Structure formats: C-alpha cells, structure tokens
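Student: Return a 3D structure for these sequence lines:
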Amino acid sequence: MATLASNVLTLNDWAKRQDPKGKTAVIVEMLSQTNEILTDMMFKEGNLPTGERTTIRTGLPTAYYRKMNMGTPKSKSTTVQVTENAAQLTARSEVDVDVAALESDVNGFRLSESEPFMEAMAQTQAQTLCYGTNANAEEYEGFIPRYNDLSAANAQNILDAGGTGSDNASILLVGWGAKSCFGVFPKGSKAGLTHMNKGIIEVDDDNGEPFDAYVDTYKWNNGLVVKDWRYACRIANIDISDLLAQTGTQAPAAATALVKLMSRSIDRLPNLTGTSNAFYVNRSVVSLLRVAALDKSSSVVTIESGLNQFGKDIYTMRFLGIPIRITDALLNTEARVV
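Tutor: So this is what the prediction gives:
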C-alpha cells in the first residue's frame, strides 16, 4: 500500500496526537479488535463545525489543437460544492457504587463494564458507515446507499454478481485518502470515540428513586466524505447460497464468480498508488476466500503473517496484494441492486 499523506491520519495516529499518555490509544485498540475497518479508515478534521464542505470536480476543461496564427478558445473545469455532515453517536453507563465496591479492583470492574459500550459504539459506527442514510437526520450517509443504482452516474463502480434472491451480500473496495474517501470529525472536536469519567453522581432508577452511581459517557462525532466516487467500488448482488455451494452465479466458471469481480473492481479505481486500499467483506464471504487462499492452485488470494500497529501478531488475507478486512456490519440480506 502507498504511504499516506501526512494530513490524513488513522484513529491510532490521532490518538497519539491528542493523548500522548496513551489513554485514548487503549480505546482505539479495543475498537480495532472488534471492527477492522477502523484500522484502515483515514480521518480528517472538517472545515465546518458540522462536518466538511468539499469541492468536487464534475467536468474537465477542453483542450484544443491550434493552427498557426489562430487563437485558443477559453475553457474551464466545472465543480460543485457538497457538504458532508458528521453525526454524533453517544452512550451513557451508570454503575451502582455498591455493586462496584463488591469488586477488589473497582477501576478494572468499571473498565469491564465500559467494554460492551465501546463495542456497541463500534458496531453502530460500522453499520452507519455501510448503510447509513440521509433519510435518518441523525445519521450520515454510508457507502451502500451511495452505490445502489445501476443506472446512476457512478454505476460503473457497481459490479453486479447476479444474485436475484433475498440472501445477497456486497463487497466494498475502498481507496482511503485525502482526495478520495475519508472519515471526518467536526472542526474543533476530537477524532474517534471519547470517554468521560464523570465520577460518582446521584442518578434515578426506573421508578425515579435516587441512588449513587459511577457515570461514564461516550461520544463519537464522525461522518464520511466521498470526495471522488471513483475510489470506491461495490460488488453487489452476491448470492450467498450460490457462493456457499459454488454453483449458479458463483460457479467457478461463471462470469460473475467472486474472484473475477474482485479483479475487475480493482480496475475501477483510477490509481492504487496514492491511496490506502482494502476490500471489506462479511464472514460468509471471507470464509470462502480463505478456502481459496488455502488452495495451492490459487495464488491471487494469499494469507500473510505480520504485526499490527499495536505490535500484535496478525494474519492478513490479501487479494492481489490488497488486504481483505472483515466487516460484520455487511449483511447477507441485502435487497437486489438494479
């Protein structure tokens, strides 16, 4: 993968800048263990308090062959401004102080209670990143709704795997970068999930009766900017039944076979050298790709060992050198894209 521009950082990079003592980095590591897309996604501070206003080029200027003693007509490119809003995801934890006191390590107990909240935040963020829609004013628009019409202007970056039933899935290929696709957080705020320990506060139970509790709040301001739609490609209508059985639309000889469409999707991205690229798949799809990697007759899907950004052993599956990442938020029950 290409080296990224210094102004486009991962969550781990932002964590190191915002909190040199490492508290935020611990949170980022927990999130990345449950949602691999967070390891790859680039984040940038928006130029608006609500997100990012970006200029998208919609047309190129015209170049002319000029005759001697003849002038050159004026020409210009065309652009349009698009505002991508960030959304605020929040959660609140309340733990009775007497319940916490039963544990010898109160802080460790509170951390164990925080982990499911962070897991829920990560899962919700991934779901929105995939399927978020502007129809819900509280959300931001994810990748799937942006690539959901085979007659749209970006239809060349939607590949049809041929599934017509109700058990369809998708693969996303994304080229992360400052000029392509990136996450955005509002101007003046912090990147990623922020945790606030509010200490002991008097709260009310369901009947309105007060008790003392340890209170923690969680907040994540995030949005998605697709500055250049050519740097994302969706393989849609993957029939999971056919994929598992290796028949029909997913028979090895079929034109819609998964590895053939993954190969074609790479050519939909204009350039692989200026972006950080990855395929995002669910577990049903990755299981079949792993089988392909273990097949010695196949060399396009490989499994490589190494260390992640936290120094831990990982095994990365790649397709023609591009990482394949698991995203549980991607469903097996998508409607057919037409």
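Student: mind listing the strands for the stretch 101-250 of the chain?
Tutor: 158-160, 168-176, 181-185, 193-204, 210-226, 232-239 (DSSP state E, counting those that start in this stretch).
Student: Name the nearest residue to residue 44, sequence neighbours excluded.
Tutor: Using C-beta to C-beta, 6 or more residues apart in numbering and skipping residues adjacent in sequence, the residue nearest residue 44 is residue 182, 5.1 Å away. Any C-beta I mention is one placed from the backbone N, CA and C, and that applies to glycine too.
Student: That neighbour and residue 79, how far apart?
Tutor: Applying C-beta to C-beta, to the nearest Å, the value for residue 182 to residue 79 is 19 Å.
Student: tell me the contacts of the residue most central in space within the chain?
Tutor: Closest to where the C-alpha atoms of the chain average out (C-alpha atoms, centre = their mean) is residue 37, at 4.8 Å. Neighbouring residues of residue 37 by C-beta atoms under 8 Å, 6 or more residues apart in numbering: 126, 129, 278, 280, 325, 327.
Student: try it again with 6 Å
Tutor: 280, 327 (C-beta atoms under 6 Å, 6 or more residues apart in numbering).
Student: roughly how far apart are it and residue 232?
Tutor: Counting by C-beta to C-beta - residue 37 and residue 232 are separated by 13 Å.
Student: Ok, residue 263 next?
Tutor: For residue 263, the distance to residue 232 - C-beta to C-beta - is 17 Å.
Student: neighbour-wise, which of those two wins?
Tutor: residue 232 (24 against 13; other C-beta atoms under 10 Å).
Student: Tell me the bridge partners for that one.
Tutor: With DSSP bridges as the criterion, residue 232 is bridged to residue 174.
Student: again with residue 54
Tutor: residue 82.
Student: Could you report the pLDDT at it?
Tutor: pLDDT for residue 54: 86.
Student: Poorly predicted segments of this protein, please.
Tutor: In the predicted model of the chain, residues 1-35, 293, 295-299, 305-315 satisfy pLDDT under 70.
Student: longest helix anywhere in it?
Tutor: helix 106-131 (DSSP state H).
Student: ok and it relative to strand 181-185, angle-wise?
Tutor: 130 degrees (axes from the mean of the first three to the mean of the last three C-alpha atoms, to 10 degrees).
Student: Just the buried residues of helix 106-131, please?
Tutor: Across helix 106-131, burial judged by 16 or more other C-beta atoms under 10 Å covers 109-110, 113-114, 117-118, 121-122, 124-131.
Student: quick one on the thing from earlier: tell me which of residue 182 and residue 79 has more neighbours.
Tutor: residue 182 (26 against 12).
Student: OK, contacts around the more buried one?
Tutor: 42, 44, 225 are the contacts of residue 182 under C-beta under 6 Å, 6+ apart.
Student: burial count for the residue lying closest to residue 138 once chain neighbours are set aside?
Tutor: Nearest residue to residue 138, sequence neighbours excluded (C-beta to C-beta, 6+ apart): residue 87, at 6.0 Å. By the criterion of other C-beta under 10 Å, residue 87 has 21 neighbours.
Student: One more: the one 5 residues further on?
Tutor: Other residues near residue 92 number 13, with proximity taken as other C-beta under 10 Å.
Student: For it, pull up the helix or strand it's in.
Tutor: Taking DSSP states H and E as the criterion, residue 92 maps to strand 87-96.
Student: Could you quantify the relative orientation of that strand and strand 181-185 as an angle?
Tutor: Using the same axes, to 10 degrees: strand 87-96 against strand 181-185 is 50 degrees.
Student: Just the buried positions in strand 87-96, please.
Tutor: 87, 89, 91, 93-95.
Student: Let's have the residues you listed in TSV, adding distance to residue 245.
Tutor: TSV is the format used below for these (distance: C-beta to C-beta, whole Å):
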residue	distance to residue 245
87	39
89	38
91	41
93	44
94	49
95	48
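Student: and residue 169, what does it touch?
Tutor: Contacts of residue 169 by C-beta under 6 Å, 6+ apart are 238, 240, 282, 332.
Student: of those residues, closest to residue 54?
Tutor: residue 282 (29.6 Å; C-beta to C-beta).
Student: Leaving out sequence neighbours, find the closest residue to the closest one.
Tutor: Closest to residue 282 by C-beta to C-beta, 6+ apart is residue 330, at 4.2 Å.
Student: what's the neighbour count on the one you found?
Tutor: Residue 330, neighbours per other C-beta under 10 Å, totals 25.
Student: Please verify my assumption that it contacts residue 279.
Tutor: No - in this structure, residue 330 is not within contact of residue 279 by C-beta atoms under 6 Å, at 10.9 Å.
Student: what sits in contact with each of these two?
Tutor: Joint contacts of residue 330 and residue 279 (C-beta under 6 Å, 6+ apart) do not exist.
Student: ranges for the helices of the chain?
Tutor: Going by DSSP H, the chain shows helices at 11-18, 23-34, 37-40, 97-101, 106-131, 143-146, 240-245, 258-266, 283-294.
Student: Report the separation between the closest residue to residue 260 other than its chain neighbours and residue 110.
Tutor: Leaving aside its chain neighbours, residue 260 sits nearest to residue 254 (7.9 Å; criterion: C-beta to C-beta, 6+ apart). Residue 254 sits 53 Å away from residue 110, going by C-beta to C-beta.
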